[in-house]
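Novice: Give me coordinates for this.
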Amino acid sequence: MSNNDRIRRVSINALTNYIRFFFTMVVSFWLIPFIIGTLGPAAYGLWNLSFSIIGFFSLLDFGFGLGVVKWTGETSVTGEIEYRNHMLSTIFFVYVIIAFVGLVLLTVFAFFYPTLFAIDSELAGIAVAVLLILGIRSLAIQIPLSLFKGALFGEQKIHLINIIQMLGTLVYAGSAWFALSHGKNIVWLAALNCASFLLENLFYVLFAYRNVKGLHISPNMIRKKYFREAMGFSFYSFLTTIAGLVLFQTDSIIIQLILGLEFVGLYAVAIKVTEYSFLLTKQLVNVLTPLISELKAKQEEETIRYLLLDLSKYIMATGFLITGSVYVFARELLVFWVDESFAVVTVPLILLITSFVIAVPELVASNVLTMTGHHRFSAVSAGLSTGINIVTSLLLIRPLGLTGVALGTVISSFVVSSVVVPAKAANVYHFSYMKYITRVYLPAAIPTLALVGTGMLMKYLFPVHSLWDMMVKAVPGIVVYVVIFWFSFTDADIQGKITGKIARLYKR
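Specialist: Numbering: from 1, shown residues only. Okay, the predicted model is just below:
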């Protein structure tokens, strides 16, 4: 494959990633207040708590998913189709066993769920039903069928995945709106979520067989030696996955155990803003995963170094654009998106968005390390991040409340995401950690000062009156950031390519 073909493929995948993300974000920004307004904050807290619990059970994936991407991506270069089919067949039937065991464990857990989490008696039956339905979604459906999505991802057919996800989101949002508008409860919401997710995954199966050359999943291809090989990589990938729970699951469970369900609902909105910021920034990083496998197979170390230093800078700039805007408009976002009562999580939101931007470069660095043979290190660093977050959150939640939980996330991100992982990547690919700071962090961080200053001035001169008004008043700060970053920190060759393309489009 030529370099131009590679760039074109990555660009199309990245573009559709962003389109799918913004589509999902718009739907969710409309749907979340609708759910809260229809069902109430306590029910929304229960919804988020259920997903947090299910998140731990879905870890029974044991990290095989990233292995599917890795082996599919590498064999697309080497042509070892039979080897890939043996690996994927072995993993699929392991997935089936995992899903069955997971459902049994979840069913047993469901008997103790209301008592363990002090859920009110009138919500206990509903809570169990929601948990079991979402368990079917995340265990019986997601774990086995995710193999086909992973195969498409490894083959770099990411644009197909994005189209299917948008259709699934549309089906779920439309059916949820219809059901809740007609007086249905949170159990219906869970059932509709499960049904739309099943439909989405069936499309992954269909398109995987159509687009992944020679794909064949069969019990006859299961081999013990391939299971051992899969476990050698996936066990450490599984430990790495735990890091994702630090921000999106662990916090909610700690809050429920110590503060209560309504506080989970309040904090969940701050988490949701941070989660969308994280996902927006990760759209390009996700595209790199199969590409890194390809680069490893071809031993293109210089290109990998470019990803770590140069590309990370531009991804970091996206992160600071979001973070600076949230610093300015955090309270207004919460008040006008949901309602006045959610203003109490303004400080936790600012802290969570800080933890997000600290962790941005680690997204690329950890991805590179995991896909190039350093998965053990990635697993250890993920475990360290999880441990720091849990311990600090438990220590700080009683004296500082929700702010303490968010502060625990900031501390874990600072230690692991901005120091431990980047330092390891710098050492492996032969450049200094200080070069990492000066090439990635500083160029993206410095224009943020101008963004925040401009945003504060706009807010002072023209008070914000609505969500749309807030978005309009965030634009000048964003423009100032982009201008400073473009003229002061964008590489000349990148400037030349972009201006050249714009000029050619203008001539047309």
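Novice: Could you list the domains of the chain?
Specialist: Split into domains by automatic domain parsing, the chain comes to 1-241, 255-498.
Novice: Quick one: those as JSON lines, columns for mean neighbour count and mean pLDDT too.
Specialist: For every residue, glycine as well, the C-beta is placed using N, CA and C. Below are the domains of the chain laid out as JSON lines (neighbours: other Cβ atoms under 10 Å; pLDDT from 0 to 100):
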{"stretch": "domain 1-241", "mean neighbour count": "18", "mean pLDDT": "83"}
{"stretch": "domain 255-498", "mean neighbour count": "19", "mean pLDDT": "87"}
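Novice: list the contacts for Val428?
Specialist: When contacts are counted by Cβ atoms under 8 Å, 6 or more residues apart in numbering, Val428 touches 369, 372, 374.
Novice: mind listing which of the residues you listed are in helices?
Specialist: The helices, defined by DSSP state H, take in Leu369 from the contacts of Val428.
Novice: Quick check: the gap between the residue positioned nearest the centre of the chain and Val364.
Specialist: When Cα atoms, centre = their mean is applied to the chain, the residue found nearest the centroid is Leu279 (4.6 Å). From Leu279 over to Val364 the distance is 15 Å, taken as Cβ to Cβ, to the nearest Å.
Novice: nearest residue to the residue nearest to the centre of the chain other than its sequence neighbours?
Specialist: Leaving aside its chain neighbours, Leu279 sits nearest to Phe21 (5.9 Å; criterion: Cβ to Cβ, 6 or more residues apart in numbering).
Novice: before we move on, what about Phe51?
Specialist: Ranked by Cβ to Cβ, 6+ apart and with sequence neighbours excluded, the top spatial neighbour of Phe51 is Leu134, at 6.6 Å.
Novice: and the one you found, what does it touch?
Specialist: Residues near Leu134 by Cβ under 8 Å, 6+ apart: 50-51, 54, 190, 193-194.
Novice: quick one: Ile133 and Val187 touch, right?
Specialist: Yes - here Ile133 reaches Val187: they are 7.1 Å apart, a contact under Cβ atoms under 8 Å.
Novice: tell me the SS of Ala173?
Specialist: Classification of Ala173 by DSSP: H, G, I helix; E, B strand; the rest coil places it in helix.
Novice: Which residues are in contact with it?
Specialist: Ala173 sits next to 27, 30-31 when contact means Cβ under 8 Å, 6+ apart.
Novice: Could you export those residues as TSV, including distance to Val96 and secondary structure?
Specialist: Compiled in TSV, those are given as follows (distance: Cβ to Cβ, whole Å; DSSP: H, G, I helix; E, B strand; the rest coil):
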residue	distance to Val96	secondary structure
Val27	32	helix
Trp30	37	helix
Leu31	32	helix
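Novice: which one of those residues is nearest Pro443?
Specialist: Compare each of the contacts of Ala173 with Pro443 using Cβ to Cβ and the shortest gap goes to Val27, at 33.5 Å.
Novice: Now do the closest residue to the closest one other than its chain neighbours against Phe153, distance only.
Specialist: Setting aside the residues directly before and after it, Val27 is nearest to Ala173 in space (Cβ to Cβ, 6+ apart), at 4.8 Å. From Ala173 over to Phe153 the distance is 24 Å, taken as Cβ to Cβ.
Novice: next one: Gly65
Specialist: Distance from Gly65 to Phe153, by Cβ to Cβ: 9 Å.
Novice: One more: Val96?
Specialist: When distance is defined by Cβ to Cβ, Val96 is 20 Å away from Phe153.
Novice: Not counting its neighbours along the chain, what's nearest Ile222?
Specialist: Using Cβ to Cβ, 6+ apart and skipping residues adjacent in sequence, the residue nearest Ile222 is Thr90, 5.0 Å away.
Novice: Next up, identify which helix or strand that neighbour is on.
Specialist: Taking DSSP states H and E as the criterion, Thr90 maps to helix 81-116.
Novice: again, but for Gly214
Specialist: In this assignment (DSSP H and E), Gly214 forms part of neither any helix nor any strand.
Novice: now swap in Ile253 and tell me
Specialist: helix 251-258.
Novice: Run through the residues that contact Thr303.
Specialist: Counting by Cβ under 8 Å, 6+ apart, Thr303 touches Leu295.
Novice: hang on, I meant Phe414
Specialist: By Cβ under 8 Å, 6+ apart, the contact list for Phe414 reads 355, 358.
Novice: what helices or strands is the helix holding Thr90 leaning on?
Specialist: The contact analysis (3 or more Cβ pairs under 8 Å, 6 or more residues apart in numbering; DSSP states H and E) places helix 81-116 against helix 41-57, helix 64-78, helix 121-135, helix 142-154, helix 224-241.
Novice: Now do the second one against helix 142-154: the angle between them, please.
Specialist: What that stands for is helix 64-78. Here the directions of helix 64-78 and helix 142-154 differ by 30 degrees (axes from the mean of the first three to the mean of the last three Cα atoms, to 10 degrees).
Novice: If you count contacts, what does helix 64-78 end up packed against?
Specialist: Checked by 3+ Cβ pairs under 8 Å, 6+ apart, helix 64-78 has helix 81-116, helix 142-154, helix 224-241, helix 261-298 packed alongside it.
Novice: Please produce CSV containing the ones you listed, extended by distance to Val452.
Specialist: Output for the helices and strands packed on helix 64-78, formatted as CSV (distance: least, Cβ to Cβ, whole Å):
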stretch, distance to Val452
helix 81-116, 43
helix 142-154, 37
helix 224-241, 33
helix 261-298, 16
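Novice: Out of those, flag the one nearest Arg9.
Specialist: Across these, closest to Arg9 is helix 261-298 (Cβ to Cβ), at 8.6 Å.
Novice: Run the angle between the closest one and helix 121-135 for me.
Specialist: 10 degrees.
Novice: residues in contact with Trp30?
Specialist: By Cβ under 8 Å, 6+ apart, the contact list for Trp30 reads Ala173.
Novice: now swap in the one 4 residues further on and tell me
Specialist: Under the criterion of Cβ under 8 Å, 6+ apart, the contact list for Phe34 reads 177, 180.
Novice: Next, the angle from the helix or strand where it lies to helix 41-57.
Specialist: Assigned by DSSP H and E, Phe34 belongs to helix 3-39. Relative orientation of helix 3-39 and helix 41-57, computed by the same axes, to 10 degrees: 140 degrees.
Novice: ok so, going back, which one of the helices and strands packed on helix 81-116 lies nearest to Gly168?
Specialist: Nearest to Gly168 among those is helix 142-154; the distance by Cβ to Cβ comes to 11.3 Å.
Novice: helices and strands around the closest one, which ones?
Specialist: Counting contacts by 3+ Cβ pairs under 8 Å, 6+ apart, helix 142-154 packs against helix 64-78, helix 81-116, helix 158-181, helix 186-211, helix 261-298.
Novice: now the ones you listed as CSV including distance to Val479?
Specialist: Listed next are those as CSV, based on distance: least, Cβ to Cβ, whole Å:
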stretch, distance to Val479
helix 64-78, 37
helix 81-116, 47
helix 158-181, 28
helix 186-211, 37
helix 261-298, 18
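Novice: which one of those helices lies closest to Asn17?
Specialist: Nearest to Asn17, of all these, is helix 261-298, at 3.8 Å by Cβ to Cβ.
Novice: and the angle for the closest one with helix 158-181?
Specialist: 170 degrees.
Novice: Please state the offset of the helix or strand just after helix 261-298 from the chain centre?
Specialist: Remark: after helix 261-298, the chain's next helix or strand is helix 301-306, criterion DSSP H and E. How far helix 301-306 lies from its chain's middle: 24 Å, per Cα atoms, centre = their mean, to the nearest Å.
Novice: Over to stretch 87-99?
Specialist: Distance of stretch 87-99 from its chain centroid, counting by Cα atoms, centre = their mean, is 24 Å.
Novice: can you offset everything so residue one is 11?
Specialist: Okay, using 11 as the starting number, the last item reads as stretch 97-109.
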